[in-house]
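Visitor: Pasted the sequence and its predicted model underneath.
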Amino acid sequence: MKITTLFVASLLAASVSGCKLVKTGDGEAAADPIAESVETTFDAKLVPALTEKAVDLATLQNAIKGSLDKAGESYGTRVGGAGGGWNFPVKGTATVLEDTRASTKAGVAEIDVDGDGKADATLQLGPVVKGSALRDTTNLYDFSTFRDQIEYAKLGRALNDKAVSKLPAADTELKGKKVDFVGAVVIRSASEKPLITPVSIEVAP
Amino acid sequence: MQLTKRLLMSVVALGIAGAMSGTALAADTIAIITPSHSNPFFKAEADGAAAKAKELGYATMVLVHDDDANKQSELFDSAIAAGVKAIILDNAGADASVAAVQKAKDKGIPSFLIDREITTTGVAVSQIVSNNYQGAQLGAEEFVKLMGEKGNYAELLGKESDTNAGIRSQGYHDVIDQYSEMKLVAKQTANWSQTEAYTVMESMLQAHPDIKGVISGNDTMAMGAYAALEAAGRKDVIVVGFDGSNDVRDSIKKGGIKATVLQPAYQQAQNAVEQADKFIKTGSTGLDEKQLMDCILINADNAEKLETFALKP
């Protein structure tokens, strides 16, 4: 592993010193590796991984009422140390009580999962999406392989943007509709209302 | 004997503002190297690491590099000469520090980094850093909310050599720039310094009296900026900081500064020493080199629970 790295590094060094780098066309070689990673993993790996492992939101919320840590050990992954939380892949069916996209850029849908007429979770609709739940919930993206936090953060942001592009457009009013969703969420305390980053929202006919 | 003498001489020669405790060569020693303790954040780090080291039976050698990579390199020489078993480091530059950490590694001394990353992996054993980007996003989300998603604002940047200055600014802008009615009218470094921030804020206010908010790369600069705003009778300006210092906590409680973001500095330093201890004893930490720790938003709702860079339960 280390030998390979050294070998590659010396090859690179040799190629840099040995020949002149010529920029070709509009920079095919300089393609954005993060955009590329999102393109190759989002539909092919991330969505299937989340869908496959997703726990039903109602089940998860019941488990959290018992113990967040136990729920985490059963359904989630711990990310971010003491200040962090449990990341869960989630799915569910719910009624949208409110769609805030007309009034804020950090648009959300307040949803009712258990049918009591009260919001018990929130789906982020964007365009401004908070957090990096999509990046952190599966083991697809390893921080150690990124140069620094900025690069890793760019990936988180790019995944969020990609997710928003797959959601129902802003002119589709979701209020009052029944929706099926799949996504990811970070929970830091048992009492918080889950703020879910969805990768898909299907409006029931 | 000779080693001790040489070390003492270099300590004197460098005018190190640190302290050696215990009988350095009798017990195993861990070196703790950070920026100047004049910023309480770095003091909390050094205190957290030293307390854990003592708890685990190590002597400590506490040194400060004052964000000077050359001085840091000399401190590494001293630590290596003293035969320390491990180095806990909050470094003096993401690129410039790689050579110093490598130098220690070549002598068989493992380094455990806290707070700031270096740009190369495989040199330090651990890099335990706050998720500055995630923290900056929390701060920016709160800032945007307090601003009502619109208005003129200024940004105070940290020291350029510190990778976290750039990471935080990027985190702020990745959130704020998505709001087209938020207008950045001034952006300047105050080098993490309270006094510098005071002066910078004064001139920013003169040039842009219509300013509605200030987002700052750390708490010491937020304190400086707020003092300047207060002196100008502009306590209406929304100020948000970063670090979670007791000073800013007190300001939040009095309705001054509106929010900050806590980096778990004390905990981070303690984790680094625990990992160093495990590595010294077993040859492995059992963990990934790069470890991110999430930050926590502090505002009027939870400021009361904040104490010396940790949240009380």
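Guide: Perfect, thanks for sending it.
Visitor: if I look at residue A:89, how far off is residue B:305?
Guide: Separation of residue A:89 from residue B:305 (CB to CB, to the nearest Å): 31 Å. All C-beta spots, glycine's among them, are computed from the backbone N, C-alpha and C.
Visitor: what about the helices in the chain?
Guide: I'll assume chain A. For chain A, the helices defined by DSSP state H cover A:2-18, A:33-41, A:47-53, A:57-66, A:68-75, A:133-136, A:149-165.
Visitor: you looked at the wrong chain, it should be chain B
Guide: Using DSSP H, helices in chain B cover B:2-14, B:40-55, B:69-81, B:98-106, B:132-146, B:163-176, B:194-207, B:219-231, B:246-253, B:265-282.
Visitor: Now do the same contact list for residue B:225.
Guide: When contacts are counted by CB atoms under 8 Å, 6 or more residues apart in numbering or on different chains, residue B:225 touches B:156, B:190, B:197-198, B:200-201, B:214, B:216, B:239.
Visitor: I'd say residue B:135 and residue B:261 touch.
Guide: Yes: in this structure, residue B:135 is within contact of residue B:261 by CB atoms under 8 Å, at 4.2 Å.
Visitor: hey, what's in contact with both of those two?
Guide: Common neighbours of residue B:135 and residue B:261 (criterion: CB under 8 Å, 6+ apart): B:242, B:295-296.
Visitor: related to what we said a few turns ago, in CSV: the helices of chain B, plus mean pLDDT.
Guide: CSV is the format used below for the helices of chain B (pLDDT from 0 to 100):
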stretch, mean pLDDT
helix B:2-14, 45
helix B:40-55, 95
helix B:69-81, 97
helix B:98-106, 97
helix B:132-146, 95
helix B:163-176, 92
helix B:194-207, 97
helix B:219-231, 98
helix B:246-253, 97
helix B:265-282, 95
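Visitor: Which of the ones you listed sits closest to residue A:84?
Guide: The closest of the helices of chain B to residue A:84 is helix B:132-146. By CB to CB, the value is 8.8 Å.
Visitor: Taking the stretch 1-150 of chain B, what residue is nearest to chain A?
Guide: Here the stretch 1-150 of chain B gets closest to chain A at one residue, residue B:133, 3.9 Å apart by CB to the nearest CB.
Visitor: what about that residue, neighbour count?
Guide: Residue B:133 has 27 neighbours, counted by other CB atoms under 10 Å in any protein chain shown.
Visitor: Also the one 4 residues further on?
Guide: Neighbouring residues of residue B:137 were enumerated by other CB under 10 Å; the total is 27.
Visitor: Residue B:222 now?
Guide: With other CB under 10 Å as criterion, residue B:222 counts 32.
Visitor: and what of residue B:219?
Guide: When neighbours are defined as other CB under 10 Å, residue B:219 has 30 of them.
Visitor: Correct me if wrong: it contacts residue B:135.
Guide: No: the pair residue B:219 / residue B:135 is not scored as a contact, 11.9 Å apart, by CB under 8 Å.
Visitor: Quickly list what's touching both of these two.
Guide: residue B:242.
Visitor: and the stretch 201-313 of chain B, which of its residues are near chain A?
Guide: Neighbours of chain A within the stretch 201-313 of chain B, by CB under 8 Å from any CB of the partner chain: B:262, B:264, B:267-268, B:271, B:288-296.
Visitor: Give me the nearest residue to residue B:266, chain neighbours excluded.
Guide: Take residue B:266 and drop its neighbours on the chain: the residue closest to it by CB to CB, 6 or more residues apart in numbering or on different chains is residue B:48, 3.9 Å away.
Visitor: you'd agree that neighbour is up against residue B:267?
Guide: Yes: using CB under 8 Å, residue B:48 is in contact with residue B:267, at 7.0 Å.
Visitor: Between these two, point out the one with more neighbours.
Guide: When neighbours are counted by other CB under 10 Å, residue B:48 and residue B:267 differ, and residue B:48 comes out ahead with 26 against 20.
Visitor: Return the distance of the more buried one relative to residue B:309.
Guide: 8 Å.
Visitor: Likewise for residue B:217?
Guide: For residue B:217, the distance to residue B:309 - CB to CB - is 17 Å.
Visitor: Name the residue in these two with the higher neighbour count.
Guide: Ranked by neighbour count (other CB under 10 Å), residue B:217 and residue B:309 place residue B:217 first, with 31 against 24.
Visitor: hang on, isn't the more buried one packed against residue B:160?
Guide: No: using CB under 8 Å, residue B:217 is not in contact with residue B:160; the gap is 10.7 Å.
Visitor: For stretch A:87-101, which residues meet the burial criterion?
Guide: By neighbour count on 16 or more other CB atoms under 10 Å in any protein chain shown, the buried set for stretch A:87-101 is A:87-92, A:94-97, A:99, A:101.
Visitor: To clarify, my last question referred to stretch A:190-205.
Guide: By neighbour count on 16+ other CB under 10 Å, the buried set for stretch A:190-205 is A:194-201.
Visitor: got the CA positions of it in CSV?
Guide: Listed in CSV are the C-alpha atoms of stretch A:190-205, where the atom choice follows Å, rounded to 0.1, in the frame of the first residue of the first chain:
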residue,chain,number,x,y,z
ALA,A,190,-34.2,11.5,21.8
SER,A,191,-36.4,14.5,22.0
GLU,A,192,-35.6,16.2,18.7
LYS,A,193,-37.9,16.2,15.7
PRO,A,194,-36.1,14.3,12.9
LEU,A,195,-34.8,16.5,10.1
ILE,A,196,-34.6,14.1,7.2
THR,A,197,-32.7,14.7,3.9
PRO,A,198,-34.7,12.7,1.4
VAL,A,199,-33.3,11.1,-1.8
SER,A,200,-36.8,10.5,-3.1
ILE,A,201,-40.3,11.7,-2.4
GLU,A,202,-43.1,10.1,-4.4
VAL,A,203,-46.5,11.7,-4.3
ALA,A,204,-49.2,9.1,-3.9
PRO,A,205,-51.9,9.3,-6.6
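Visitor: So what pairs up with residue B:296 in the strands?
Guide: residue B:262 (DSSP bridges).
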